[in-house]
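J.: Just to be clear, the model below is a prediction. Sequence and coordinates:
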Amino acid sequence: MTTSVTNARGAATSYYPWGSVATAFSDNGTTVTASADQSTNYAAPISISAQSYNETVGYTAWLGVAQTTGANGEQLAMTYDNYGR
């Protein structure tokens with residue numbers, strides 16, 4: 001767990017044992033959670049939740065974001081060239 005405090009806001013972040021962010025809390029009551037699994041070798045979140053909004057993320061073999069799907073069904077798709085751009 002790490003804590004950050006500025007003049008305007010305080011926040012705390014907890015991490016999974018392998019180093020990825022698990023949960024972030026703000027002093028205004030905002031909570032963000034991220035879950036990872038073996039499909040990304042626990043290196044990148046497959047779902048991110050903030051308050052009442054959820055997002056799922058799909059990745060390429062080298063963990064570039066390939067697609068996202070939001071709580072309302074909105075989708076984003078990305079493609080890359082041979083150089084990963």
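T.: Received the coordinates, thanks.

J.: Every contact and neighbour count from this point should use C-alpha atoms.
T.: Fine.

J.: pLDDT below threshold where in the chain?
T.: Along the chain, the model assigns pLDDT under 70 to residues 1-8.

J.: Strands of that one, residue ranges please.
T.: 2-5, 10-15, 21-26, 31-35, 47-50, 53-59, 65-70, 75-77 (DSSP state E).

J.: I'd like those strands as CSV, with distance to Gly84 and mean neighbour count appended.
T.: Output for the strands of the chain, formatted as CSV (distance: least, Cα to Cα, whole Å; neighbours: other Cα atoms under 10 Å):
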stretch, distance to Gly84, mean neighbour count
strand 2-5, 32, 10
strand 10-15, 28, 15
strand 21-26, 24, 18
strand 31-35, 25, 18
strand 47-50, 23, 17
strand 53-59, 13, 17
strand 65-70, 11, 16
strand 75-77, 15, 12
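
J.: Just send the ones you listed back as CSV, with distance to Arg85 too.
T.: Formatted as CSV, those follow (distance: least, Cα to Cα, whole Å):
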stretch, distance to Arg85
strand 2-5, 33
strand 10-15, 29
strand 21-26, 25
strand 31-35, 25
strand 47-50, 23
strand 53-59, 14
strand 65-70, 11
strand 75-77, 14
